[in-house]
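S.K.: What shape does this take:
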Amino acid sequence: MKNKIILLFAITFCATMNAQFTEAFEGGIPGSMIQEFHNGSVSWIDCDGNAGGATCPINGVSSASFYNASTNNYTTSLSTPTLDLSSGDYRLSFKHLHKKLASNQNYLYLEYSLDGGSNWTIFNAYNNNLDQYVYEGIDLASLNPTSTTRIRFKAENRGGYAVVLDDISISIIPDNDAKLLSLDIDAIELAENKTISGSFINNGTNNIDSIDLNWQVDGGTTYTQSLTGLNLSANEEYNFSHNDLWNASPGDHSVKVWVSNLNGNGNDDDILNDERTNETFVVSTIATRIPLYEEFTSSTCGPCATFNLNYFNDAFLNSNENKFSLVKYQMNWPAPGDPYYTAEGGVRRNYYGVNAIPVLILDSKESTDFNTAALQNKLNNALEVPAYFVMTVDYTITGTSIDVDVTTMPYLNGEYTLHVAVVEKETTGNIMNNGESFFTNVMLKMLPNASGTLINFTHDVLETNSFNFNLSSTHIEEYDDLEVIAFIQNNGSKEVMQSINSSYILGVSNSQGLGKIILYPNPTNGLLYISTENTVEIKVLDIVGKTVHSQKNVTNSTAIDLSKLTPGIYLVSIVDGTQKEIKRVIIK
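M.R.: So this is what the prediction gives:
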């Protein structure tokens, strides 16, 4: 045991002896840094600011983030204590991200002081639109640092998404050091032969001519590839793709990649920055995505009328029929505000940090554009993104009471939130002063509320959720003009994973008089049978209503072969003359 303790100390000492300052915010915000308010009193916090769907924390369990929903100019800095950087060549390294919200972009300024904080000078500024973190490595020699040097990160709020900051380090530049920067393994991957790729940087002063690139999954076999003839100078990055492919199988996996044997001389000067491990869930199946539009608008907002009547209008929506789900939240500003504003709409507004309208959110991403072609391009891009959930939503109305059933088949594990919104397809009772004569897909109630239902999904295990609410207290104008939108959202990243919209089902049952019909086995691996007294015709529809299989003269002894269909949830329309019944079937 004594030898092990000595070895651990030696490794730790090797990694930290050249570091003058490090802060990864794992112990809280501001940690060992000094927070100073320059304009207002908005604090840096731990990933509670709205990063607009970008991943926070960047690394570990905590990152510092700076955010305010207002467009007011708030400015707050985090600075190092006074450091002695007078001897040796030092490098400042850190990671950051900050996304743009519409035309608004928050700023991050780098400043330095050579007199312990009395005077400050800007030496770098960042206002680029980053939804993935970027590693920055800056040699400080040109600043002529002193024994009383401080470095400051000053964030300025301009109405954009949060500035996120992590892994700050000021250390002596080593002679021989390779630092693994990125690994191109996403949190969700498809089961296939996967190329292990990413990047590393020459973090030292000496050139890197050769290095070994290694990877393993779940602690299994190590695959090594020697890279030669590199000739990488200081601060030069290298993008790699390993020759050995990973045959990714469904399930949770831990993918580790590391560099070693720099220039054929074994370990480099800092072994703790040589590796990176990404956790991923590999799915066996992907589903067709139905993107979700969430619009924040108001009948008292002039620009909203321009947007809704000229760009995000009936022509655009009708030309993309059945391609998306749409929920509109009517806001209570400009004064006097939309009469159909609800507090639940206000919760969604705060969730996304909306501070001006109109704002159009597409699958959690800000997508407002007063240009129909640009709107179409963004929708087309969203339609290309794979989904990992298949959903159906049905509802019935009895008087003023609504019953909603949502069925979800997940193809991955994880905790996600199910949101359900009751919308009215067209309203006129909230007409005010902006020139619009009707309003579409107006959200009138969220079930059970705007927080949704947190569900711990297990892949390939069907999840059914039911909701009931008396809608008499809402602004519903016509109960036969309703639609229910259900969607799955990742609260950590705010990413909308999948959505579905309903078709109205009159009364308590969707049966029109057929005798007892049973589909079996359900779920099925592909072969389906029907228990029926009569010969029937069946049509199988996917979740967007497209017929994917049809078959006539189906009896008790007829096999319905659906094995060529993608696993998921389907609707089976069973017709016997003028009578029809709809049933749901799951293909595994």
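
S.K.: How is the protein partitioned into domains?
M.R.: Domain ranges of the chain: 19-173, 174-284, 292-501, 518-587, per automatic domain parsing.

S.K.: Could you dump the ones you listed into a markdown table with mean neighbour count and mean pLDDT added?
M.R.: C-beta coordinates here come from the backbone N, C-alpha and C atoms, glycine included. As requested, those are arranged in a markdown table below (neighbours: other CB atoms under 10 Å; pLDDT from 0 to 100):
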| stretch | mean neighbour count | mean pLDDT |
| --- | --- | --- |
| domain 19-173 | 19 | 92 |
| domain 174-284 | 17 | 94 |
| domain 292-501 | 19 | 94 |
| domain 518-587 | 15 | 85 |
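
S.K.: Pairing partners for the helix or strand containing residue 198, with directions?
M.R.: Per DSSP states H and E, residue 198 falls inside strand 197-202. With DSSP bridges as the test, strand 197-202 is paired with strand 178-183 (antiparallel), strand 237-241 (antiparallel).

S.K.: Give me the contacts around that strand.
M.R.: Under the contact criterion CB atoms under 8 Å, 6 or more residues apart in numbering, strand 197-202 has outside partners 135, 137, 177-184, 208, 211, 232-242, 257, 259, 276.

S.K.: Show me the strands in the stretch 401-550 of the chain, by range?
M.R.: 401-410, 414-427, 439-447, 453-457, 463-470, 482-489, 496-501, 518-520, 527-531, 536-541, 547-554 (DSSP state E, counting those that start in this stretch).

S.K.: what about dumping the CA coordinates of stretch 243-262 to CSV?
M.R.: Extracted in CSV, the C-alpha atoms of stretch 243-262 (Å, rounded to 0.1, in the frame of the first residue of the first chain):
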residue,chain,number,x,y,z
ASN,A,243,-7.8,2.8,-39.1
ASP,A,244,-9.7,0.3,-36.9
LEU,A,245,-13.4,0.6,-36.9
TRP,A,246,-15.7,0.1,-33.9
ASN,A,247,-18.5,-2.4,-34.5
ALA,A,248,-20.9,-0.5,-32.3
SER,A,249,-23.6,-2.7,-30.7
PRO,A,250,-26.8,-1.5,-29.1
GLY,A,251,-26.6,-0.4,-25.5
ASP,A,252,-24.6,1.8,-23.1
HIS,A,253,-20.9,2.1,-23.9
SER,A,254,-17.8,4.0,-22.7
VAL,A,255,-15.4,4.9,-25.5
LYS,A,256,-11.8,5.8,-24.4
VAL,A,257,-9.2,7.3,-26.7
TRP,A,258,-5.7,8.3,-25.8
VAL,A,259,-2.4,9.3,-27.3
SER,A,260,1.0,7.8,-26.2
ASN,A,261,4.6,7.2,-27.1
LEU,A,262,5.3,10.8,-28.2
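
S.K.: So what's the gap between it and the chain middle?
M.R.: Relative to its chain's centre, stretch 243-262 lies at 23 Å (CA atoms, centre = their mean, to the nearest Å).

S.K.: Ok, stretch 189-202 next?
M.R.: 20 Å.

S.K.: go on, stretch 138-151?
M.R.: With CA atoms, centre = their mean, you get 38 Å for stretch 138-151.

S.K.: Kindly report the same for stretch 469-485.
M.R.: 30 Å.

S.K.: And the contacts of it?
M.R.: Contact partners of stretch 469-485, identified using CB under 8 Å, 6+ apart, comprise 292, 325-327, 339-340, 393, 395, 397, 400-402, 404, 420-430, 441-442, 444-445, 447-448, 499-502, 504.

S.K.: Start and end of that stretch, how far apart?
M.R.: 15 Å (CA to CA, to the nearest Å).

S.K.: again with stretch 334-353
M.R.: 17 Å.

S.K.: Offset the numbering so it begins at 43, please.
M.R.: From this message on, residue numbering opens at 43, which makes the last subject stretch 376-395.

S.K.: who's in contact with it?
M.R.: By CB under 8 Å, 6+ apart, stretch 376-395 touches 92, 94, 109, 111, 143, 203, 336, 338-343, 371-374, 401, 403, 406, 408, 469, 471-472, 474, 481, 484-488, 491-493, 517, 536.

S.K.: and residue 79, what are its bridge partners?
M.R.: Residue 79 has these beta-bridge partners by DSSP bridges: residue 118.

S.K.: need the contact list for residue 193.
M.R.: 63, 121-122, 125, 134, 152-154, 212.

S.K.: Keep only those of those that are in helices.
M.R.: In this view, the contacts of residue 193 have no member that belongs to helices under DSSP state H.

S.K.: and which of these is nearest to residue 237?
M.R.: Taking CB to CB as the measure, residue 237 lies nearest residue 134 of the contacts of residue 193, at 32.7 Å.

S.K.: Chain neighbours aside, what residue packs nearest to the closest one?
M.R.: Leaving out its chain neighbours, the residue that sits closest to residue 134 by CB to CB, 6 or more residues apart in numbering is residue 180, at 4.7 Å.

S.K.: is it true that that neighbour lies in a strand?
M.R.: Yes. Counting by DSSP: H, G, I helix; E, B strand; the rest coil, residue 180 falls inside a strand.

S.K.: which residues touch it?
M.R.: Residues near residue 180 by CB under 8 Å, 6+ apart: 133-135, 152, 166.

S.K.: And residue 186, by the same measure?
M.R.: residue 156.

S.K.: repeat for the one 3 residues further on
M.R.: Residue 189 is in contact with 126-128, counting by CB under 8 Å, 6+ apart.

S.K.: Please determine how far the closest residue to residue 583 other than its chain neighbours is located from residue 208.
M.R.: Distances taken as CB to CB, 6+ apart put residue 613 closest to residue 583, at 4.6 Å, once the chain neighbours are dropped. Computed as CB to CB, to the nearest Å, the residue 613 to residue 208 distance reads 46 Å.
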